[in-house]
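In: Structure for this input, please:
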Amino acid sequence: MSSAEFGLKGTVRELLRYKGAVLGLAIIIVLVSISIYAVVAIPYDKAVEQWRESGYWIKNPKNAAPEWINYFSGKKLPKSIYLSGEGKVVRDGGRSKLVFEYSFGYYYDDFPSEIILFVNSNVTRSFYLKASFLRPDGDHIFLGKYRIKKGENRIYVTNKLDLEASLEKHVEERLGAKPNFSITIEKALFLAYTGKQEVLKGGYKIKLEALTNATNKDVSCEVVIYGKVHGLTGTDHLRRPLSIALIWGTPVALSFGITAATLIVLMQLIIATISAWFGGRVDMALQRVTEVYMVLPFLPTLIMISLFYRISIWTLLLVVIALSIFGANVKTMRALAMQIKTYPYIEAAQAYGASSLRIVFLYMIPKMLPPVIPSIILSVPDFVFLEAVLSFFGLGDPLLPTWGKLLHDALENGALYKGLYYWVLEPSALLVLTAFSFAQIGLALDKIVNPRLREI
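Out: Coordinates of the predicted model:
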């Protein structure tokens, strides 16, 4: 019994008998929900702007793993700590200064990755900012004296070479010997003086002294102590959360895959049916064109077009359709159409004067649709992977954040070499899940429309 004999409700009921198809449907529902969320919550223009503007994410850590890594790493990796608040005016020898003091607890098993001071000033004249660091053991460390100009100032504390050299000497003095590991600024600030690379846990304090007569309204400060884990998906080398590309890559992958698969198979079906019905020169011409397309190398041709023209995702979709409509499936569908052409109800339609177009589109194609639908669903992953492959090679849409673009950036920045496995595994997992879900549904539908494949 075919799906046409089952009807739509019967087909769905039969489909739900297969556990793989149920799991596939559940995955697709989740992917569609993510797609709807992406379009509604993060509009296209906003997603592209956030992905291309790296400065937007300056307060995120670089190459930070997802927070759930803590459940598997065996130690508690640090999250980013954001310190801000109003300062207080203090008199010092007849001159006033603005003092900011921030206290925080640090109870992680690893050192932070970076420390940056953000100072916004509305003061016309520049002034100096003194920064100091107080550890739980009472050790007081001077971080430097920095010139602050009007506007936004970023002080990359952990990038100061002179500070690193002085802190290295400071650690050696505290330990009484040179440690057998390298000393960085963030490590020196949070190191327990035990001779091992251990974090000193407890309460810390950062003190900033703005040597100016300005008030809180004129100067604001924020200290960011960057961690090594961030959010559910982690960040890349430009501090961008991978969630943007993972979320927005979902509607791109689904729309590209489903649209390409549906249009290509339906157009192949129409071409094959017209070829079989009209025969003669029409059949010969269409079959010769099909054979030429079968000889053409599809992927190299597509790569060449993408490389020369740097086309958008939707132009790429049109090119894929144009290169695929005369595929090998035309031959298979033509054979099926030749068989249906001999059916009695087709002869009856001819007898009462039905036109050729009416017979092709109303009698033959609907009869061929049930066995073709599984092939549409099964071919969706092919085009999802095709878009990802082109993006992986840097030939996709340069604007869109997609799964393939994530894999491309991961390769370019040595993610696996640096141990940033999440950067590769997250988009790869979504690609595999997408392929698995459509494959399970397609195989189940194939068993429904083809009784010889149905499980007993």
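
In: and this protein, what are its domains?
Out: Here the domain assignment for the chain is 3-54+240-453, 67-226, based on automatic domain parsing.

In: what would those look like in a markdown table with distance to residue 61, mean pLDDT and mean neighbour count?
Out: All C-beta atoms are positioned from the backbone trio N, CA, C, and that covers glycine. As requested, the domains of the chain are arranged in a markdown table below (distance: least, CB to CB, whole Å; pLDDT from 0 to 100; neighbours: other CB atoms under 10 Å):
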| stretch | distance to residue 61 | mean pLDDT | mean neighbour count |
| --- | --- | --- | --- |
| domain 3-54+240-453 | 10 | 88 | 17 |
| domain 67-226 | 4 | 91 | 16 |
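
In: want to throw those into a markdown table with distance to residue 233?
Out: A markdown table is the format used below for these (distance: least, CB to CB, whole Å):
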| stretch | distance to residue 233 |
| --- | --- |
| domain 3-54+240-453 | 4 |
| domain 67-226 | 9 |
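
In: so which of those comes closest to residue 234?
Out: For residue 234, the closest of these is domain 3-54+240-453, at 5.0 Å, according to CB to CB.

In: The nearest residue to residue 51 once chain neighbours are set aside and residue 244: what is the separation?
Out: Sequence neighbours aside, residue 401 is the residue nearest to residue 51 in space, at 4.2 Å (criterion: CB to CB, 6 or more residues apart in numbering). For residue 401, the distance to residue 244 (CB to CB, to the nearest Å) stands at 5 Å.

In: anything in contact with each of the two?
Out: Residues touching both residue 401 and residue 244 (CB atoms under 8 Å, 6 or more residues apart in numbering) are 47, 51.

In: so is the residue lying closest to residue 118 once chain neighbours are set aside in a helix, a strand, or just coil?
Out: In space, and not counting its chain neighbours, residue 118 is closest to residue 222: 4.4 Å by CB to CB, 6+ apart. Three-state assignment for residue 222 (DSSP: H, G, I helix; E, B strand; the rest coil): strand.

In: Quick check: phi and psi on the residue nearest to residue 51?
Out: Main-chain dihedrals, residue 401, degrees, to the nearest 10: phi -80, psi 110.

In: With residue 287 as the reference, measure out to it.
Out: Counting by CB to CB - residue 401 and residue 287 are separated by 42 Å.

In: go on, residue 387?
Out: 30 Å.

In: that older thread, show the contacting residues for the residue nearest to residue 118.
Out: 82, 83, 84, 117, 118 are the contacts of residue 222 under CB under 8 Å, 6+ apart.

In: mind listing which of those residues are in strands?
Out: 82, 83, 84, 117, 118 (DSSP state E).

In: With distance to residue 148 as extra columns, can I get those residues in a markdown table?
Out: Formatted as a markdown table, these follow (distance: CB to CB, whole Å):
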| residue | distance to residue 148 |
| --- | --- |
| 82 | 20 |
| 83 | 17 |
| 84 | 16 |
| 117 | 10 |
| 118 | 11 |
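
In: And the furthest pair within those?
Out: It's 82 and 117 that sit farthest apart of the ones in strands among the contacts of residue 222, by CB to CB, at 12.0 Å.
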